[in-house]
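Q: predicted model and sequence follow; I will ask about them next.
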Amino acid sequence: MRPVVAVAGCPNAGKTSLFNQLSGARQKVGNWPGQTVEQYSGEFTHGATTFDVVDLPGTYGLVAVSAEEAIAATYLAVEKPDVVVTVVDSSNLTGSLHLVAQIAEAGHRQVVALNMIDVAERRGIDIDESVLAETLDVEVIRTVARKGVGTEEIKAAIARSLGKPARPLTIDYGPVVERHVGGLIEDIIADPDVAGRGIPRWTALQLLAGDRALRGYLQSIPGGHAILEAAAADRDGIAAETTFECEMELAEHRFEWITRLVSEMTGTITATTTWSDRVDRVLTHRLFGIPIFLVVMWVVLRVTADVTAPYLDWVDTTISGPVSRWAVDLLGLVGLAGGWVESLVVDGVLAGVGGVLVFVPVLFALYLMLALLEDTGYMSRAAAVMDRAMRAVGIPGKAFLPMMVGFGCTVPAIYATRTLDSSRDRLLTGLITPFMSCGARLPVYVLLATIFFADAKSMVVFGMYVLGIAVAVLIGFLMSRTALREEDPAPFVMVMPEFRMPNARTVWILVWQRTSSFIKGAGTTILAASIVVWLLLALPLGGGGSFADTEVEDSAFGIVSKGAAPVLQPLGFGEWEQSGSLLSGFVAKEVVVSTMAQLYLTDAESDTGADPTFGEDLAEVGSSFVAAGRDTLLTIPSVIGLDFIDLADDTDTTLQAAVRSSFDSSSGGRGSLAALGFMVFVLLYTPCMAAVAAFRQEFGTKWMWVSVIGQFVIAWSGAFLVFQGGRLLGLG
Amino acid sequence: MLPRRSDGSIAVKDRLTLDDADRNTTVRVVRVVGRPRLIQRLAAIGVVPGVCLTVVKPHGPAIVSLGGARIAIGKGAAQSVQIEIAD
């Protein structure tokens, strides 16, 4: 059997970087919550031996308080890996050595990576690692995992440590604790089930510290209850005798040991105010913090919406033009041109693929901006700033990170709620996260804002994002006062990572993984949705026509959409094409626009001229890509408010004209108002299938229905308010 | 300089909390009171009786320096960390 290596470490210590260096796997690196709740594993070979590597969740210690700590503690206790590599933030030895000490107390074979040693050196911290190596009888290696420094030495140390017996660390917890530990150890040894869990002294200490994972295990075995009761009595006894809570008493002795060790390793570290502190004082300032955050978000959204627009057009015209023509030509070669197969390929498959690819520039830009914010360390400052504001309305500060992820996609955002401390916080955050406007909703705003609000496009799109946040906050506030009231709110305590220059490789991996996972996920769901919609469009249920050759109105899709349309009548978008595109949004929000395109344009004859040759097409694709790049560069100054070129010269394409006339007629001449209501509806209504599935997995079927139905009602009410309210005020 | 409470009064020494401390003061943690979740979280991060913290920024949230690391602590958590002024 292969030896197993587990990589442990505090959040932001560079654990995932080292894991990537060891396994060569392309995992993301950054501060996103939830990234390591999924277990990542890989392998590496050193000499003749191949090792399996497992990446443990980032934790400050092994006492299970949060889900991550429970995973790490349980994995170590049950799976008993052959070697644990503990990644330490060298610039924060005191904070990091807590985990190292606990892993040593638990009796694991350990290799310590003194990571980010370059940061420590820059701060003038001179570390003598031999003190740590001798105290724990382990190998200590200096590493800079982001740059791959020290990786080979770590591998060699792992291989060497395999042959060595592990020597558990014993810390003196003082007479009171030691007396109670002694009693508990006797109980533990007497029960073979419990004794097999790990070395008895460590099990006793975990019990006294109130480890949830161990408590859960003991509750599930016959002899466990007696031991739990004994441990509870010991906890009370220690608290009474020392006047400190039991977990504090344990931590105090452990940190006394750590502080002594650190001072032997480094001498006294004098805290000096660094430039990073000065920046922090401004970025997390009680008055300026939130405005700065909003400005940062504004720049992110401008880049996402405006700078990428030329590329968006390029993808769109390339797919609907040359690529569709090539597909038809290819089909012609095998004798399938003109029939339902051509219709399926062009109107179903290529329309679907185009609907996916058209987002790639937008999401790429969004993910790039988010990755930069993460890798520089700003994201943690933003969480610190938002905590106070969010706590005031009953939402935990940590909910901020899943909500930020929600701007990209609701699905990872829902999984990201796992990093919150309690199930109540997780559920609350899960319920409000879908209101954060995900990337897939953006094209709907962009399309409608371009048609109806060309002069204030950015403002309207930004407004949708702000409205989403406002609704999320309102719902969070109401839930925290009613169904999800709580007595013991989670504290806001967070170690802030050092500011740093973003690392090109880290940022690229983050952007590439997120973008490609969107393409892969979308490639199946959206393509399937597009084909289903095509099929519904092809089935002639309403009378006239034959398969794949029927009026849209008479198709199965038309019948379903017409059935749903009256519900949306009071909102000003009761035409069946509109309800149909919203209907397809249940499958994936990405297809709302592509369905509109399909519904409005199926009959529109493409303007026929002489078909360009393949060579001409290819040249056009290339030169228009270059033009898109030039336009993008010209747009960048507009992000900071300098408009060198006029973006508003969008020509009214066939789709835009069709959409405009449809909204004008469905709303009785108040097209802009109905379009605004439509955008609000798209922002707020039931998320896509994938998000609903993620929600059900995390929170159960009951809460899934609460979310699905609740959001539909909220969206309907919101759009009703906009349209009917606006009408009463005489707008539109 | 002695920390002052928000109403301007000089805080009574044995009831001082991290929320009262001014910028650039170095304080020693005396004890941490509160719910188990708060206590376990602070213990894991190293905010335990006896350690010294330097206040980088007070309030909204507070940022303290602990052995080179910067820790952000929200108001509620800061109020449950009892401190004394270190010399």
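A: Sure thing, it's come through.
Q: low-confidence regions, the stretch 201-350 of chain A specifically.
A: Along the stretch 201-350 of chain A, the parts satisfying pLDDT under 70 run over A:268-273, A:301, A:304-305.
Q: contact residues of it facing chain B?
A: Proximity of the stretch 201-350 of chain A to chain B (Cβ under 8 Å from any Cβ of the partner chain) is limited to residues A:209-210, A:244-245, A:247-248, A:250-252, A:255-256, A:258-259, A:262, A:269, A:271, A:273, A:276-277, A:280-281, A:284-286, A:289. To be clear about C-beta, it is placed using only N, CA and C from the backbone, and glycine gets the same treatment.
Q: just the buried ones from these, in PyMOL syntax?
A: Buried subset of these, written as a PyMOL selection, criterion 16 or more other Cβ atoms under 10 Å in any protein chain shown:
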select buried, chain A and resi 209+210+244+245+247+248+250+251+252+255+256+258+259+262+269+271+276+277+280+281+284+285+289
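Q: secondary structure class of A:Met494, three-state.
A: Secondary structure, DSSP: H, G, I helix; E, B strand; the rest coil: A:Met494 is strand.
Q: A:Glu79: how many residues sit nearby?
A: 10 (other Cβ atoms under 10 Å in any protein chain shown).
Q: hmm, it is touching A:Val4, no?
A: Yes - when contacts are counted by Cβ atoms under 8 Å, A:Glu79 is listed as touching A:Val4 (7.2 Å).
Q: which segments of chain A make up each domain?
A: Following automatic domain parsing, one gets these domains for chain A: A:4-162, A:174-242.
Q: let me know which of those domains is the nearest to A:Ser624.
A: Taking Cβ to Cβ, domain A:4-162 is the member of the domains of chain A nearest to A:Ser624, at 31.8 Å.
Q: end-to-end on that closest one?
A: End-to-end distance of domain A:4-162 (Cα to Cα, to the nearest Å): 10 Å.
Q: does it reach chain B?
A: Yes - judged by Cβ under 8 Å from any Cβ, domain A:4-162 and chain B are in contact via A:59-61, A:63, A:65, A:89, A:91-95, A:98, A:120, A:123, A:125.
Q: quick one: A:Glu186 and chain B, what's the gap?
A: Applying Cβ to the nearest Cβ, to the nearest Å, the value for A:Glu186 to chain B is 26 Å.
Q: can you confirm that residue is in a strand?
A: No - A:Glu186: not assigned to a strand; according to three-state DSSP it is helix.
Q: per-residue pLDDT, it?
A: pLDDT for A:Glu186: 92.
Q: quick one on the thing from earlier: from the residues of domain A:4-162 next to chain B, which land in strands?
A: Among the residues of domain A:4-162 next to chain B, DSSP state E puts A:Asp89 in strands.
Q: flag the least confident of the residues of domain A:4-162 next to chain B.
A: When the residues of domain A:4-162 next to chain B are sorted by pLDDT, the bottom entry is A:Val65 at 69.
Q: strands of chain B, start to end?
A: B:26-32, B:52-57, B:62-66, B:69-73, B:81-85.
Q: of those strands, which stretch is the most buried?
A: Across those, averaging neighbours per residue (mean count of other Cβ atoms under 10 Å in any protein chain shown) puts strand B:69-73 on top, at a mean of 24.
Q: by contact count, what packs against the helix or strand bottoming out on mean pLDDT in chain B?
A: Of all helical and strand segments in chain B, the minimum by mean pLDDT, DSSP states H and E falls on helix B:36-45, at a mean of 78. Secondary-structure packing of helix B:36-45 (3 or more Cβ pairs under 8 Å, 6 or more residues apart in numbering or on different chains; DSSP states H and E): helix A:246-266, strand A:493-496, strand B:26-32, helix B:75-79.
Q: out of the ones you listed, which gets nearest to A:Leu366?
A: Across the helices and strands packed on helix B:36-45 (criterion: Cβ to Cβ), the nearest stretch is strand A:493-496, sitting at 24.1 Å.
Q: what comes into contact with that closest one?
A: The contact list for strand A:493-496 (Cβ atoms under 8 Å, 6 or more residues apart in numbering or on different chains) reads A:10-12, A:60, A:92, A:95, A:280, A:377, A:380-381, A:383-384, B:38, B:41-42, B:45, B:47, B:63, B:69-74, B:77.
Q: just the buried positions in it, please.
A: Within strand A:493-496, the residues scored as buried using 16+ other Cβ under 10 Å are A:493-496.
Q: okay, the residues you listed in TSV with distance to A:Leu114 and pLDDT next?
A: Below are those laid out as TSV (distance: Cβ to Cβ, whole Å; pLDDT from 0 to 100):
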residue	distance to A:Leu114	pLDDT
A:Val493	25	84
A:Met494	23	82
A:Val495	17	82
A:Met496	20	84
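Q: thanks again, I'm all set now.
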